[in-house]
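pasting the sequence and the predicted coordinates here, then a few questions.
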Amino acid sequence: MSEVPANAAGVQGQYAAQVAADLEANRKEQERISAEVAALTEQLQVLESDHALLVNMQQALGANGTDGAPAGAAKKAASRAKAAPKSQRAKKAGTPRKKKSAAPATPPAKAAGKSAAKPTATKSTTAKATPKVPAARTPEPTLGELIRDHLAGQSEPRSSAEIASALTEAHPDRTIKTTVVRTTVEKLVAKSQVQRTRQGSSVFYSAAAPSEKSAPAQPEPAAS
């Protein structure tokens, strides 16, 4: 009879260990998916801003193309108005005219002023028709770049919660979660871009030390 409770306790312990392992795997999978969702959300925001910029550019270019039609119609109307007085003069040439006193000629200064005013008007209309293209938006730094820059300026190791809090204060326009920061900084540790240290049950991160090749050579002591 004593062997049955002992076997039951052993099986229960195996189930408890299996459940604990499954819970840990589930938690890690949730963190991984949360990090991917955050990265995809950031990419979607960048694509939406680029889309709005391209739409504005397309509208500006379309307005510039439609402005050419009224200008061409205005030129045709002006050419017809100039040709009309010539035909009227040709008709009147066949009928006898009464002698009239010669009209005073238009002063050359006024005629020159009228002709000079036309090019100025055309320049002003072309200047108004030119659309203003908005400046291209510079891409924002990634979360990994923000974490590396933050750790490079710290003299002591920081936890993932401290890193997330500091980045949230420095970039209030971005949504930064502690779980996403933990997953991203672990990826940087795997790439040897960040160092990880443990103090009891807590984990802290710091900037990676420079390699020995990039370290400056120490001067040799002078011989006594």
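It's in.

average pLDDT across the helix or strand where Asn56 lies?
Asn56 is located in helix 3-66, with elements delineated by DSSP states H and E. The average pLDDT for helix 3-66 rounds to 87.

ok, stretch 195-208 next?
90.

how about the CA coordinates for stretch 32-52, as PDB?
Only the C-alpha atoms of stretch 32-52 are listed here, as PDB (Å, rounded to 0.1, in the frame of the first residue of the first chain):
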ATOM      1  CA  ARG A  32       8.800  37.400 -28.900                       C
ATOM      2  CA  ILE A  33       5.400  38.000 -30.600                       C
ATOM      3  CA  SER A  34       5.000  41.300 -28.700                       C
ATOM      4  CA  ALA A  35       8.400  42.500 -30.000                       C
ATOM      5  CA  GLU A  36       7.500  41.600 -33.600                       C
ATOM      6  CA  VAL A  37       4.100  43.300 -33.300                       C
ATOM      7  CA  ALA A  38       5.800  46.500 -32.000                       C
ATOM      8  CA  ALA A  39       8.300  46.400 -34.900                       C
ATOM      9  CA  LEU A  40       5.600  45.900 -37.500                       C
ATOM     10  CA  THR A  41       3.600  48.800 -35.900                       C
ATOM     11  CA  GLU A  42       6.500  51.100 -36.200                       C
ATOM     12  CA  GLN A  43       7.100  50.100 -39.800                       C
ATOM     13  CA  LEU A  44       3.400  50.700 -40.600                       C
ATOM     14  CA  GLN A  45       3.600  54.200 -39.100                       C
ATOM     15  CA  VAL A  46       6.600  55.100 -41.300                       C
ATOM     16  CA  LEU A  47       4.800  53.700 -44.400                       C
ATOM     17  CA  GLU A  48       1.600  55.800 -43.600                       C
ATOM     18  CA  SER A  49       3.600  59.000 -43.300                       C
ATOM     19  CA  ASP A  50       5.400  58.300 -46.500                       C
ATOM     20  CA  HIS A  51       2.100  57.600 -48.200                       C
ATOM     21  CA  ALA A  52       0.700  60.900 -47.000                       C
END
